[in-house]
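Chemist: sequence and predicted structure below; questions after.
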Amino acid sequence: MDKISCRNTGRPVESEAYREPWGCRDQEESATTLIVGIGSLHGDDQIGFLVAEHLSLLDPRVCRVRRTDAPMRLLDWIDRFTTVHLIDACRSGDRPGTLRRYQWPDPQLMQCGWSGTHDFDLPTVLRLADQLDRLPACVTVWTIEGVTFGPGREASLAIETWTRRAAKQIESELLGKRHRSNKHEVTGCVPHSLTASQTRRKRADA
Amino acid sequence: MPDDRRDRQRSIRVPVLTRVEGEGALLVQLRDNVLTDVQLAIYEPPRFFESFLRGRSFDEVADITARICGICPVAYQMTAVQALEAALGIEIAAPIDALRRLIYCGEWIESHSLHVHLLHAPDFFGCDSGIELAKRFPAEVNRGLRMKKFGNRLLEVLGGRAIHPVNIAVGGFYRLPRREELHSLIPDFQWGLQAAIETARWVAGLPFPDFEIPYDFVALSHPDQYAITAGQVTTSDGMRIPMTDYEQHFAEVQVPHSTSLQSRRMPQGTEYFLGPLARLNLNCEQLSPAAARLRDEVGWRRPCGNPYRGIVARAIEMVHAFEEALGLLQSYRPLGKPRSEFEVRAGEGMAVTEAPRGLIFHRYQVSSDGLIEFAKIVPPTSQNQAQIEADLRQLLPTIVHKPDKAIATECEQLIRSYDPCISCATHFLSLTIQRQ
């Protein structure tokens, strides 16, 4: 499959920001939604990057799109956003390509196998942000079941199909369209339970 | 095993070291409460970077070696380009050298902030994790994360991105930042300098275990600056050698229990200590003014052979890095070409710089058509590994009377004080095939 390319330069993009950090980002400063593709360039682990690339075509005044292979980077980015969507590949034994949606804090999210440098995997980073009262009100984690993982592995042939499907679903939610709901597909962007920081704020208000 | 034997023999295993980068384990064996063996076992698979580099073009090396580590890629890139510049006979202009120190400061800031606040500080408060520490000290942890963010931001602006930067080239940079891009960071770095000072005061008051070793410290030293990218290799017993003589005095050896090579000082074959504590012991006169004032304020005395006080050394280095970066940001003018011009030629070169965790060495041989014929990379963690094991041999006899869990915890804390990066260390394995 083709490598991801920067929209502006056409050069292959390998990490973090889609738009050159040197470029003008004035438009993006107004965005209240952050989308982060998490993963690597190896096998199906790149699907978080690919979905983020699709979503980077959305209006930058509404969404800021980034990608990273280190969940810790979220702590550099989340502060000024009210809504965060995180997209990552997973390997849970589900049918390949299955898209799952978790609203933080969902206990099932903790049970997935995660990895990250210095023990800071995605749930740990979200818990840390929550503990520090820095977690935005609405955090949604999307996982897509992959098959091939590991250094140098090729992506599954169907990864483009999975990518388009996931991007379409997430875009629908971002644009406020209602869609089919199941246990992990909640319409809209309302947390199903209070996060620790929200609970503290509520108590403080009371 | 009979009960009497089980009573006499104890094996304490820490199967996975936590709050360190990479995959390592610890095995301690005691017999009649006497230490018989201690092994810092690095079992992360070898990564073969030196072999990957052979046959690649010299201008790919910085980007490939950056992939060794997501926390300290600049250290690998900077050491690689400086070694290749030595091989190709390239002179670097002073403004480019200043920008290189600037980006290195960014890496020290982001790496030190992470270790001080989320990896090491929890140990002093009996916290199992950074999250637990954040519950008790949210202001301090938030301050640390904000400093880390500014370090990362500097890497983004100067390096193109925070993790595995793409702007570092043999001869200089691919692109010089605009003046306003760097100047826009000044308010953040002014805040960062004050924040780092507060952090240093905070960690200087921590309760440090009573544990002193007369270490053989090794670091780069420079008469005019706190050595980061240039200087001579210096030791605490007074040896001072040009970096080109590094391999005459330091050698890598293989141990069966680790996929990482260990380093020894030659010819005596002894272990040595790298990193912020070594740098501060050897170079504390070259600290920036604010860092030097803080050094005196917190009562830093050298020689300091307490590895746990590495957290104070790191915090003082953060003050230095913020202050030096601030000066470089304020004085920056994008003058001249981003890269020196040069002709590709055959040659061999080596370089030593100071990664956040300590001294790092690279040597390359380049062919006349610019391809890498030989590469050698010695990261700091593999050099510190033997010293960590020696420290554990000192510590364990004083704690063997404690329960196994407490011993394991104290050993982990000692290992963490070095901020080991195991992923960096595991990139070589000597393979022997026996055929019958």
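Modeler: Yep, it's here.
Chemist: where are the low-confidence patches of chain A?
Modeler: Across chain A, the ranges flagged by pLDDT under 70 are A:1-28, A:112-119, A:177-206.
Chemist: can you rerun that using 80?
Modeler: A:1-29, A:110-119, A:150-152, A:176-206 (pLDDT under 80).
Chemist: would you map the strands across it?
Modeler: For chain A, applying DSSP state E gives strands covering A:33-38, A:63-68, A:83-90, A:99-103, A:138-145.
Chemist: chain B is nearest to which of those strands?
Modeler: strand A:63-68 (7.2 Å; C-beta to the nearest C-beta). Backbone N, C-alpha and C define where each C-beta goes, glycine included.
Chemist: and chain B, which of its residues are near chain A?
Modeler: Residues of chain B lying near chain A by C-beta under 8 Å from any C-beta of the partner chain: B:18-21, B:70-71, B:114, B:118-119, B:129-131, B:134-135, B:138, B:141-142, B:145, B:148-149, B:152-153, B:156-157, B:160-164, B:166, B:175, B:177-178, B:181.
Chemist: tell me which of those fall in helices.
Modeler: Among these, the members falling in helices (DSSP state H) are B:114, B:130-131, B:134-135, B:138, B:141-142, B:145, B:148-149, B:152-153, B:156-157, B:181.
Chemist: emit the ChimeraX select command for whichever of the residues of chain B next to chain A are buried.
Modeler: Only the buried entries of these go into this ChimeraX selection, using 16 or more other C-beta atoms under 10 Å in any protein chain shown:
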select /B:19,20,21,70,71,114,118,119,129,130,131,134,141,142,145,148,149,152,153,156,157,160,161,162,163,164,166,175,177,181
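Chemist: related to what we said a few turns ago, dump the strands of chain A to a markdown table, plus distance to residue B:370.
Modeler: Formatted as a markdown table, the strands of chain A follow (distance: least, C-beta to C-beta, whole Å):
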| stretch | distance to residue B:370 |
| --- | --- |
| strand A:33-38 | 35 |
| strand A:63-68 | 32 |
| strand A:83-90 | 37 |
| strand A:99-103 | 47 |
| strand A:138-145 | 41 |
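Chemist: can you lay out these as TSV showing mean neighbour count and distance to chain B?
Modeler: TSV is the format used below for the strands of chain A (neighbours: other C-beta atoms under 10 Å in any protein chain shown; distance: least, C-beta to the nearest C-beta, whole Å):
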stretch	mean neighbour count	distance to chain B
strand A:33-38	25	12
strand A:63-68	24	7
strand A:83-90	24	16
strand A:99-103	20	19
strand A:138-145	23	16
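Chemist: what residue ranges in the stretch 51-200 of chain B are flagged as low confidence?
Modeler: Those would be none, if you go by pLDDT under 80 across the stretch 51-200 of chain B.
Chemist: my guess is residue B:373 contacts residue B:347. True?
Modeler: No: Residue B:373 is beyond contact range of residue B:347, at 10.3 Å (criterion: C-beta atoms under 8 Å).
Chemist: have a look at those two and say which one is more surrounded.
Modeler: residue B:347 (17 against 13; other C-beta atoms under 10 Å in any protein chain shown).
Chemist: in this structure residue A:75 contacts residue A:129, no?
Modeler: Yes: assessed by C-beta under 8 Å, residue A:75 is found in contact with residue A:129 at 6.1 Å.
Chemist: just to revisit the earlier point, shared neighbours of residue B:373 and residue B:347, anything?
Modeler: Listed as contacting both residue B:373 and residue B:347 by C-beta atoms under 8 Å, 6 or more residues apart in numbering or on different chains are B:365, B:366.
Chemist: for residue A:72, give its distance to chain B.
Modeler: Residue A:72 sits at a distance of 8 Å from chain B (criterion: C-beta to the nearest C-beta, to the nearest Å).
Chemist: excluding its backbone neighbours, what's nearest that residue?
Modeler: residue A:120 (4.8 Å; C-beta to C-beta, 6 or more residues apart in numbering or on different chains).
Chemist: coming back round to it: and the strands of chain A: which comes nearest residue B:101?
Modeler: strand A:63-68 (26.4 Å; C-beta to C-beta).
Chemist: packing partners for that closest one?
Modeler: For strand A:63-68, the packing partners by 3 or more C-beta pairs under 8 Å, 6 or more residues apart in numbering or on different chains; DSSP states H and E come out as strand A:33-38, helix A:47-55, helix A:74-77.
Chemist: possible to save those as CSV with distance to residue B:311?
Modeler: Listed next are the helices and strands packed on strand A:63-68 as CSV, based on distance: least, C-beta to C-beta, whole Å:
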stretch, distance to residue B:311
strand A:33-38, 30
helix A:47-55, 34
helix A:74-77, 20
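Chemist: quick one: closest of the ones you listed to residue A:149.
Modeler: Set against residue A:149 and scored by C-beta to C-beta, those come closest in helix A:47-55, at 10.7 Å.
Chemist: now that residue B:118 has come up, it's in contact with residue B:141, right?
Modeler: Yes: look at residue B:118 against residue B:141 with C-beta under 8 Å: they come within range, at 7.1 Å.
Chemist: okay, and the common contacts of these two?
Modeler: Counting by C-beta under 8 Å, 6+ apart, the contacts common to residue B:118 and residue B:141 are A:128, B:130, B:133.
Chemist: in contact with the last one, which residues?
Modeler: Meaning residue B:133. B:117, B:118, B:121, B:122, B:125, B:127, B:141.
Chemist: just give me the closest of these to residue B:50.
Modeler: residue B:118 (31.4 Å).
Chemist: which residues touch the nearest residue to the closest one once chain neighbours are set aside?
Modeler: Of all residues not flanking residue B:118 in the chain, residue B:130 sits nearest, at 3.5 Å (C-beta to C-beta, 6+ apart). Residue B:130 is in contact with A:120, A:128, B:19, B:117, B:118, B:119, B:122, B:141, counting by C-beta under 8 Å, 6+ apart.
Chemist: contact partners of the helix ranked longest in chain A?
Modeler: Longest helix in chain A by number of residues (criterion: DSSP H): helix A:159-174. Here helix A:159-174 makes contact (C-beta under 8 Å, 6+ apart) with A:1, A:33, A:35, A:44, A:46-47, A:50-51, A:54-55, A:58, A:62-63, A:85, A:87, A:96-97, A:99, A:140, A:142, A:144, A:146, A:156, A:179, A:187-189.
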